[in-house]
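S.K.: When you get a sec, could you give me coordinates for this:
(chains A and B)
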2 protein chains.
Amino acid sequence: MTLTLSQDRRSFGGSTQFYQHFSQCCQAPMRFSLYLPPQAAQYRVPILYWLSGLTCTEENFISKAGAQRFAAEYGLLLVAPDTSPRNLGLAGEDDRWDFGSGASFYVDATESPWAKHYQMYSYITEELPALIAENFPVDATRQSIFGHSMGGHGALVCALRHPSRYQSVSAFAPIAAPMSCPWGETAFRGYLGENRQTWLGYDASELVKTSAWEGPILIDQGEADSFLGEGQLLPERFEAACQQAGVDLRLRRQPGYDHSYYFIASFMEDHLRHHAEALDCF
Amino acid sequence: MTLTLSQDRRSFGGSTQFYQHFSQCCQAPMRFSLYLPPQAAQYRVPILYWLSGLTCTEENFISKAGAQRFAAEYGLLLVAPDTSPRNLGLAGEDDRWDFGSGASFYVDATESPWAKHYQMYSYITEELPALIAENFPVDATRQSIFGHSMGGHGALVCALRHPSRYQSVSAFAPIAAPMSCPWGETAFRGYLGENRQTWLGYDASELVKTSAWEGPILIDQGEADSFLGEGQLLPERFEAACQQAGVDLRLRRQPGYDHSYYFIASFMEDHLRHHAEALDCF
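M.R.: Numbering: from 1, shown residues only, chains lettered A, B, ... in the order given. The predicted model follows:
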């Protein structure tokens, strides 16, 4: 697979880089940003994936979250993929900000016309890790995942479905029960069809009931997040499901914080430390 | 003067805020972003002004530089104004990215049609500080200034012209000798006219020769900065002038770093500490 480097910017002693490549899963060009920490010049480093929220590209996290500072401290390679394939010419692709481009919900779509290109679950869990292992000085046996909003949903789903593949998971304001919120229902109906049984495999509050996930799950949720009030995030459902399943959820409700990257940046250090501990970076 | 708050986002225990107001100096609406550290709830905090570079608005620094983390630690109020008045309908206002909108060069223009609105030097050194003192819990006797590129030029000029008003100054990749580079010549000719004598008051490499500035000046300059190679920044001229004047310049050439906010964020901690020390934040 050919990777094309489009930007390489020295940061915190390492490099913030932007790549594009042709995705076999998605049958489309895909983009991701990456932070190569200084330690990668010395030894194979563990990998931390970030999944972004609705409308975001591969740039939002890497330019605004302030994660490089801590990735450089702990020796973590960061990878932040775009949130969907783009510019495919599909009917309805750009009609809504919460469906289609920038809104893949990290599922493998089964419905036309999305199925051919929107294979983001396989892209995130299979193709992208293989690509990273092949092209960068990483220890592919040590990887973790986190994300924000739609990407928090994606991170939880990936970890709960693959408890042995990810050493840790965390999320900022995740869409924690997508089958039960308007964003998730729209997305799942469009990408997966009407049969709600098929949705269960992409709902963290359902998956946690049967997952073998053992480690702690860290979630930060701003209490002034307008999407919380609108019932799009539903952390209380995930909390109840974790309690029922005996999963160690560390759900921190942060007074006054909203849904933005100002909120995310404020707690980035805690999340990076959470992952660095699980990935044996100390 | 009436300030209108357009965004208020909790960050690092304080608040990142966006304001607009009608500027008397500029006879136009102006915008700025601000970070109110948690300490401002307890006591009057010192102020650190940031001046941005060409094309930037009040948002670039506050969303990308990662400064809030350290402002929260040291108890500094950050203020980052827009780089010019905008949408005035002046002939040529939006023709070039390095002149007019987003490119004030922080001078008080004397030439038509700019003179009526482009009074950014007075805005930054007089009107904005008065506005901040009037509206926020600050110790207006303690203020410092820094900036990037065109804003690094602006910060140096403000400090060198007002050595008693600013406790410290620093810059990232400043336009350090604007009379001698294409960007500066275009701007000064357009805003100040053809008489180069009048330009001297806005050129840091000239001002430092006669300024009473005593404190150390911290400058970071990326060695892979393409504008360095193009002769737009000329730190060596400022370095020679400082040496001649006996001014303590700490010019750090950073190998591999470019002109972007990835570079700026990498050294933000050092700059905030530089200012926090001068402002007695410890």
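S.K.: Strands of chain A, residue ranges please.
M.R.: A:3-11, A:14-23, A:28-36, A:45-51, A:77-81, A:138-148, A:169-172, A:217-222, A:249-254 (DSSP state E).
S.K.: Run me through the strand neighbours of the first one, direction for each.
M.R.: Right, strand A:3-11. Strand A:3-11 sits in its sheet next to strand A:14-23 (antiparallel), going by DSSP bridges.
S.K.: for the record, mean pLDDT for the strand it pairs with?
M.R.: Taken as a whole, strand A:14-23 has a mean pLDDT of 98.
S.K.: if we can go back for a sec, now the strands of chain A as CSV including distance to B:Ala204?
M.R.: (C-beta placed from N, C-alpha, C; glycine too.) What follows is the strands of chain A, written out as CSV (distance: least, Cβ to Cβ, whole Å):
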stretch, distance to B:Ala204
strand A:3-11, 26
strand A:14-23, 30
strand A:28-36, 34
strand A:45-51, 40
strand A:77-81, 37
strand A:138-148, 41
strand A:169-172, 42
strand A:217-222, 42
strand A:249-254, 42
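S.K.: what's the most buried one of those?
M.R.: strand A:169-172 (a mean of 30; mean count of other Cβ atoms under 10 Å in any protein chain shown).
S.K.: close to chain B, is that strand?
M.R.: No: judged by Cβ under 8 Å from any Cβ of the partner chain, strand A:169-172 stays clear of chain B, getting no closer than 13.4 Å.
S.K.: Using PDB, write out the CA atom coordinates for that strand.
M.R.: Output in PDB follows, covering the C-alpha atoms of strand A:169-172 (Å, rounded to 0.1, in the frame of the first residue of the first chain):
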ATOM      1  CA  VAL A 169     -10.000   2.800  25.800                       C
ATOM      2  CA  SER A 170     -11.300   6.300  26.700                       C
ATOM      3  CA  ALA A 171     -13.700   8.800  25.400                       C
ATOM      4  CA  PHE A 172     -14.800  12.500  25.500                       C
END
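S.K.: Could you list the paired strands of that strand along with their orientation?
M.R.: Applying DSSP bridges, one finds strand A:169-172 paired with strand A:138-148 (parallel), strand A:217-222 (parallel).
S.K.: which other helices and strands contact the longest helix out of those in chain A?
M.R.: Criterion DSSP state H: the longest helix present in chain A is helix A:261-278. If you count contacts as 3 or more Cβ pairs under 8 Å, 6 or more residues apart in numbering or on different chains; DSSP states H and E, helix A:261-278 packs onto helix A:60-64, helix A:68-74, strand A:138-148, strand A:169-172, strand A:217-222, strand A:249-254, strand B:3-11, helix B:68-74.
S.K.: buried residues in it?
M.R.: Applying a neighbour-count criterion of 16 or more other Cβ atoms under 10 Å in any protein chain shown, one finds A:261-269, A:271-276, A:278 buried in helix A:261-278.
S.K.: State the mean pLDDT of that helix.
M.R.: 98.
S.K.: now what about it, what contacts it?
M.R.: A:48, A:60-61, A:64-67, A:70-71, A:73-74, A:76, A:144, A:146, A:148, A:167-168, A:170, A:172-173, A:215-216, A:218, A:220, A:222, A:225, A:252, A:254, A:257, A:282, B:9-13, B:16, B:63, B:66, B:68-69 (Cβ atoms under 8 Å, 6 or more residues apart in numbering or on different chains).
S.K.: Close to chain B: what parts of chain A are there?
M.R.: A:9-13, A:16, A:63-64, A:66, A:68-69, A:222, A:224, A:254, A:256-258, A:260-263, A:265-266, A:269.
S.K.: can you tell me which residue is nearest the centre of chain A?
M.R.: A:Leu51 (2.3 Å; Cα atoms, centre = their mean).
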